[in-house]
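Peer 1: Give the three-dimensional model of this entry:
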Amino acid sequence: MLLSWGKKNLETLNSETARKYLLEVVIPFCKEQCNDEFDLLGIPLFTTEQFMKFVNLKTLTVVTTWRWLRLLGFRYCENKKCYYTDGHERADNVRYRIQFIKKYFEYEFRTYRWLQLSDEDASRLESLEKNPLKKGLGLLYSDEEGKAMREYHLDCHNALKEFINVGNTLLVPIYPSSTIRKVKDL
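Peer 2: Down below sits the predicted model:
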């Protein structure tokens with residue numbers, strides 16, 4: 001009983017409030033259960049003082065309550081206010097970030113490059129005579145303005161490479177950011 005009560009009342013839990021709970025709730029409840037058993041057996045009922053002697057308690061002090069709380073696993077610790085810093089501008093983090101970015105750009109050459117086309121531009125590419133863009137391969141979605149757009153892997157479609165070589169500037173790379181350089185180099 002004391003354990004579950006203590007977990008529910010962690011904000012106000014201390015030896016004094018636990019002692020008050022024991023004296024007002026737990027001991028009377030236990031005494032009542034004991035008296036119910038004695039009543040069934042025909043033994044005279046306990047008073048509170050008799051029950052305390054029966055369970056080897058002369059008095060219930062704050063120190064005793066504190067010891068019981070410790071035995072149940074509770075402990076007192078100061079609640080200090082603190083703040084969190086992640087240290088993202090520390091010198092070692094900045095050095096690591098620079099190394100990571102360089103390595104990321106090396107890995108980027110191995111990744112797919114995505115291109116975003118308006119639905120009209122994609123339809124024009126599908127109607128080309130030489131290397132037409134295959135219908136249904138692009139991911140269809142709407143942008144923030146509600147305009148129909150399609151996304152394609154640049155590396156998978158020769159029609160997209162030729163479209164860029166013609167010099168049409170309607171293609172807008174989505175990500176990664178260095179894809180812009182790669183698209184213009186094609």
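
Peer 1: Assign a three-state SS to residue 104, would you?
Peer 2: Here residue 104 takes the helix state, with states given by DSSP: H, G, I helix; E, B strand; the rest coil.

Peer 1: Ok, residue 149 next?
Peer 2: Under three-state DSSP, residue 149 falls in the strand class.

Peer 1: I'd like to know how far it sits from residue 53.
Peer 2: Look at residue 149 and residue 53: by C-beta to C-beta, to the nearest Å, they are 84 Å apart. For the C-beta atoms, the positions are set from N, CA and C on the backbone; glycine is no exception.

Peer 1: neighbour-wise, which of these two wins?
Peer 2: Just comparing residue 149 and residue 53: by other C-beta atoms under 10 Å the higher neighbour count belongs to residue 149, 19 against 12.

Peer 1: Could you list the domains of the chain?
Peer 2: By the record's domain assignment, the chain is partitioned as 2-71, 112-185 (automatic domain parsing).

Peer 1: mean pLDDT for the ones you listed: which is lowest?
Peer 2: When these are ranked by mean pLDDT, domain 112-185 comes last with a mean of 61.

Peer 1: What is the burial count for residue 110?
Peer 2: With neighbours defined by other C-beta under 10 Å, the count for residue 110 comes to 6.

Peer 1: pretty sure it belongs to a helix, no?
Peer 2: No: checked against three-state DSSP, residue 110 lies outside a helix; its state is coil.

Peer 1: and the gap between the residue of the chain positioned farthest from its centre and residue 50?
Peer 2: Of all residues in the chain, the one whose C-alpha sits farthest from the chain's mean C-alpha position, using C-alpha atoms, centre = their mean, is residue 42 at 59.8 Å. In this structure, residue 42 lies at 17 Å from residue 50, with C-beta to C-beta as the measure.
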